[in-house]
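> Quick one: sequence plus predicted model below, questions after.
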Amino acid sequence: MANTDNATIVKPASKVELKEPNLWKVIILNDDITTMEFVVEVLTDIFDYTDEEATKIVVDIHENGSAVVAVCPYEMAEQKGIEVTLSARQEGYPLEVRIEEDK
């Protein structure tokens, strides 16, 4: 007869250390062609800012040359950047978005 010993080996639970994902900044750069109204629209539609918040950010972009508009995990930052760029190109604007690691 075959050995039918069905002993189960239990391994002690290993400690899994979870680490928060690195965050990335989404930065919109100023240019001389993209209208402020369009940037306000992008900020309200893609980043869910209110009109008032978006207007303040647009002024900051205009006065300082750029502004951080979001800080989020890499995949989300990349997606937001792509959405902004595609929207701008569809409207004929050269609006530039950068993402940088938030250190």
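Received it, and whenever you're ready, just let me know what you need. Numbering: from 1, shown residues only.

> which residue is nearest the middle of the chain?
Centrality entry for the chain: nearest residue to the mean C-alpha point is Ala77, 1.9 Å, by Cα atoms, centre = their mean.

> Let's see the pLDDT reported for it.
In this model, Ala77 is scored at 98, pLDDT.

> Might you report the residue contacts of it?
Trp24, Lys25, Val26, Ala70, Val71, Ile99 (Cβ atoms under 8 Å, 6 or more residues apart in numbering). Glycine gets a C-beta too; all of them are placed from N, C-alpha and C.

> neighbour-wise, which of those leads?
Val26 (24 neighbours; other Cβ atoms under 10 Å).

> how much space between the closest residue to that one other than its chain neighbours and Asp48?
Nearest residue to Val26, sequence neighbours excluded (Cβ to Cβ, 6 or more residues apart in numbering): Ala70, at 4.2 Å. To Asp48, Ala70 is 10 Å away according to Cβ to Cβ, to the nearest Å.

> now do Ser66
Taking Cβ to Cβ, one finds Ser66 at 20 Å from Asp48.

> neighbour count winner among those two?
Between Ser66 and Asp48, counting by other Cβ under 10 Å, Ser66 is the more crowded of the two (15 against 10).

> partners of that one in the sheet?
Ser66 forms beta bridges with Leu29, as assigned by DSSP bridges.

> contacting residues around it?
Ile27, Ile28, Leu29, Asn30, Arg98.
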